[in-house]
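S.K.: Quick one: sequence and predicted model below, then my questions.
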Amino acid sequence: MSINKVVAGPKEAVQDIQDGATIMFGGFGLCGLPENCIAALVEKGVSNLTCISNNAGVDDFGIGLMLHKKQLKKMIASYVGENAEFERQLLSGELEVELIPQGTLATRCLIAGYGIPFVPVLAGVGTEVAEGKETVTRNGKEYLIEEAFDAEFAIVKAWKGDTMGNLIFKDTARNFNPLMAMAGKTTIAEVEELVQPGELDPNMIHTPGIYVHRIFQGTNYEKRIEQRTVRKK
Amino acid sequence: MGLSKEQIAQRIAKELKDGYYVNLGIGIPTLVANFIPEGINVVLQSENGLLGMGPFPEEGKEDADLINAGKQTITTLPGSAIFDSAMSFGMIRAGKVHLTVLGAMEVADNGDIANWKIPNKMVKGMGGAMDLVAAAKNIIVAMQHTNPKGESKLLSKCTLPLTGIQCVTKIVTDLGVFEVTPEGFRCTEHAPDVTIEEIKAKTAGRLVIADDIKAVVV
């Protein structure tokens, strides 16, 4: 017998996420979002959440669905445009936002998964991002000290996964997903195709199952496209 | 008149060298991909995790899992590589990307750049701009020379919140080409129908006109 991390579905996967939780969500724009778990969190109605994700979705998709239900207390992201409800809640003071340079956001996930507590980065030096941050100087260059994220939950979306939690992502839907998978204390993975151990080539695994605690096969992926751009045949 | 957006992009495309890995920002920078000179092979990086960004897909072949940093549907090319966001900014931070082209609201004559925030207006976030300008060795800004009010965007000091400090190497505007030097903006080329007097009048930062200034060829 092998370790089995399979849960029945999104409802079971998020059942212990409580009001006030800090949750990381994989995805870039609307690409590679854990749609099933977001729907389950909206259904569950938990509130006062702190969400860490590169973006905040659009008005009626992604994290935007939770914003609409006023489930968020704070959003930590690098870019939050294209979302009218986000803007309304921010300007009215209902929602707190912390903006982080995108590479710093990714790196703070990475080091959490690598067991490194902090990292020196150049991004943001001399800007308002540096305000209140500790700095270190090496060879005449100043760096900001950026801390590893410490999030209770990470929710990611993969293309394929096995029952032991090994994950493979597809195309640019990879983005923040493997990083956030490494960073969560409890990591939930929803996959398009769930297979048995041995069915995935070990050489092709992007996220080893050690980082994943719960996995299920999602259903009815909408995979909305934010900017449909095409060329003539 | 000055250069059109396409002509600004066309001029920047002449900066591309064979073998370059290039990151193009949103707006005019994206257009640079349309003018890559014959015989020059470059690889386009998209910071959401792709090297080897191809053209938009044919109609009906759009794939929600394959987008660029502007969230547009795109394609891969033979030799493309996909990676996560940390590796994407890792290669940027490590200086592996040879050229970054991005837009700006303001540039100062010491190379400071502001392009992410207007105080008291909706803040959308810096995305990857701060990481790119902090790391890239070769940053070209593509922008209009003046703002919609007609005020110079080439300043002695940025008035808007900074994206990065002392990082811009070159600016191509509708009026000409400007290098960032210790003496300030050095105008090396002017748009064909733009006079040096007009450039002087519309540049607020320190300006030096190159002795061998010539017209932009596009």
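M.R.: Structure received. Every value quoted in this text rests on a predicted model; they were computed, and no experiment measured them. Numbering: from 1, shown residues only, chains lettered A, B, ... in the order given.
S.K.: From now on I want contacts and neighbour counts done on CA atoms only, so please keep to that.
M.R.: Fine.
S.K.: quick check, the top helix by length along chain A touching chain B?
M.R.: What stands out as the longest helix in chain A, according to DSSP state H, is helix A:102-114. Yes - on the criterion C-alpha under 8 Å from any C-alpha of the partner chain, helix A:102-114 is in touch with chain B at A:Gln102, A:Gly103, A:Thr104, A:Ala106, A:Thr107, A:Leu110.
S.K.: what does stretch A:76-96 give?
M.R.: Yes - on the criterion C-alpha under 8 Å from any C-alpha, stretch A:76-96 is in touch with chain B at A:Ala77, A:Ser78, A:Tyr79, A:Val80, A:Gly81, A:Glu87.
S.K.: for that stretch, how far is the first residue from the last?
M.R.: Taking C-alpha to C-alpha, to the nearest Å, the first and last residues of stretch A:76-96 lie 9 Å apart.
S.K.: how about that stretch: buried residues?
M.R.: Residues A:76-83, A:85-87, A:89-90, A:95 are the ones in stretch A:76-96 that count as buried (16 or more other C-alpha atoms under 10 Å in any protein chain shown).
S.K.: Helix or strand, whichever it is, which one in chain A has the lowest mean pLDDT?
M.R.: helix A:84-91 (a mean of 89; mean pLDDT, DSSP states H and E).
S.K.: From the chain's centroid, how far away is that one?
M.R.: In terms of C-alpha atoms, centre = their mean, to the nearest Å, the centre of helix A:84-91 is set 21 Å apart from its chain centre.
S.K.: ok, and what's touching the helix or strand just after that helix?
M.R.: Using DSSP states H and E, the next helix or strand after helix A:84-91 towards the C-terminus is strand A:96-99. Applying C-alpha atoms under 8 Å, 6 or more residues apart in numbering or on different chains, the contact partners of strand A:96-99 are A:Lys73, A:Lys74, A:Met75, A:Ile76, A:Ala77, A:Ser78, A:Tyr79, A:Leu90, B:Gly125, B:Met126.
S.K.: residues touching the residue nearest to A:Phe176 when sequence neighbours are not counted, list them.
M.R.: Closest residue to A:Phe176 apart from its sequence neighbours, by C-alpha to C-alpha, 6 or more residues apart in numbering or on different chains: A:Gly26 at 5.1 Å. By C-alpha under 8 Å, 6+ apart, the contact list for A:Gly26 reads A:32-34, A:53-54, A:154-157, A:175-178, A:180-181.
S.K.: Just list what the longest helix of chain A packs against, helices and strands only.
M.R.: strand A:118-121, strand A:141-147, helix A:177-183, helix B:85-93, helix B:129-135 (3 or more C-alpha pairs under 8 Å, 6 or more residues apart in numbering or on different chains; DSSP states H and E).
S.K.: And for chain B, the residue most distant from the center?
M.R.: B:Gly60 (31.0 Å; C-alpha atoms, centre = their mean).
S.K.: Check the gap between that one and chain A for me.
M.R.: 8 Å (C-alpha to the nearest C-alpha, to the nearest Å).
S.K.: pretty sure that residue belongs to a strand, no?
M.R.: No - going by DSSP: H, G, I helix; E, B strand; the rest coil, the assignment for B:Gly60 is coil, not a strand.
S.K.: thinking again about what came up before, would you mark the buried spots in the longest helix of chain A?
M.R.: A:Gln102, A:Gly103, A:Thr104, A:Leu105, A:Ala106, A:Thr107, A:Arg108, A:Cys109, A:Leu110, A:Ile111, A:Ala112, A:Gly113.
S.K.: so what's the fifth one up against?
M.R.: If I follow you right, that is A:Ala106. With the criterion set at C-alpha under 8 Å, 6+ apart, A:Ala106 makes contact with A:Phe176, A:Leu179, B:Ser85, B:Ala86, B:Phe89.
S.K.: Over to the first one?
M.R.: By C-alpha under 8 Å, 6+ apart, the residues touching A:Gln102 are A:Asn54, A:Ala77, A:Ser78, B:Met126, B:Gly127, B:Gly128, B:Ala129, B:Asp131.
S.K.: Quick check: which element contains the first one?
M.R.: Going back to what we said before, that points to A:Asn54. A:Asn54 belongs to no helix or strand, assigned by DSSP H and E.
S.K.: Just the ones in strands from the contacts of strand A:96-99, please.
M.R.: Counting by DSSP state E, the contacts of strand A:96-99 place A:Lys73, A:Lys74, A:Met75, A:Ile76, A:Ala77 in strands.
S.K.: for the biggest strand by length in chain B, what is the average pLDDT?
M.R.: Longest strand in chain B by number of residues (criterion: DSSP E): strand B:207-215. Strand B:207-215 shows an average pLDDT of 97 in the prediction.
S.K.: For it, buried residues please.
M.R.: Buried residues in strand B:207-215, counting neighbours by 16+ other C-alpha under 10 Å, are found at B:Leu207, B:Val208, B:Ile209.
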